[in-house]
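Student: Pasting the sequence and the predicted model now:
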Amino acid sequence: MADSGIFDIAASGMTAQKLRLNTVASNMANANVVAGDPESAYRAKMPVFETVLREQSGAADSGLVQVTDIRESNAAPEKRYEPGHPLADDEGYVYGSNVNMAEAQANMTSAARSYQTNVEVMNTAKQLMLRTLRMGQ
């Protein structure tokens, strides 16, 4: 059935957004982690998406979402002076993650809404297919 492409596209979008949600959750969970040097500090991660076109009926007419990479943020880790901290370096500094909580919350909301939109696409396509089948009764 040619319309199964709708389900494939929506499913690939749901899979991508699920990974995005998991990545954001990991970032938020590690937002308060500190390290003794900037190289060891947790860096925020973000998935990279790509549309992969595939051929159906001789024409490239459907695009699946694919995660091609998970990149780390290049932002500098937060440097805090805490000389009594067990992980403090020789100068008394600890290095926190570079997770921006406001950005993480916005990404989480966006990913959840995108996931829900794909669920609605699948439900609508299913309802339309069932109505089409009932027309022949």
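Tutor: Right, received. Where do you want to start?
Student: what mean pLDDT would you report for the helix or strand harbouring residue 7?
Tutor: Per DSSP states H and E: residue 7 is located in helix 4-29. The pLDDT scores in helix 4-29 average 93.
Student: What's the first helix or strand after that helix?
Tutor: strand 34-35.
Student: For that following strand, which helices and strands make contact with it?
Tutor: Strand 34-35 is packed against strand 93-96, with contacts defined by 3 or more Cβ pairs under 8 Å, 6 or more residues apart in numbering; DSSP states H and E. Placement of C-beta: from N, CA and C, glycine included.
Student: which residues of the chain score low on pLDDT?
Tutor: 1-4, 54-62 (pLDDT under 70).
Student: What are the boundaries of the strands in it?
Tutor: Taking DSSP state E, the strands of the chain run over residues 34-35, 45-56, 59-72, 78-81, 93-96.
Student: Figure out which of these is closest to residue 107.
Tutor: Between residue 107 and these, the shortest gap by Cβ to Cβ is with strand 45-56, which sits at 7.7 Å.
Student: Also compute the angle for that closest one relative to strand 59-72, please.
Tutor: 170 degrees (axes from the mean of the first three to the mean of the last three Cα atoms, to 10 degrees).
Student: if you skip the residues just before and after it, what's nearest to the residue nearest the centre of the chain?
Tutor: In the chain, the residue lying closest to the centroid (Cα atoms, centre = their mean) is residue 20, at 1.2 Å. Closest residue to residue 20 apart from its sequence neighbours, by Cβ to Cβ, 6 or more residues apart in numbering: residue 111 at 4.2 Å.
Student: Number of residues surrounding the one you found?
Tutor: 21 (other Cβ atoms under 10 Å).
Student: distance of it from residue 18?
Tutor: Using Cβ to Cβ, to the nearest Å, residue 111 is found at 8 Å from residue 18.
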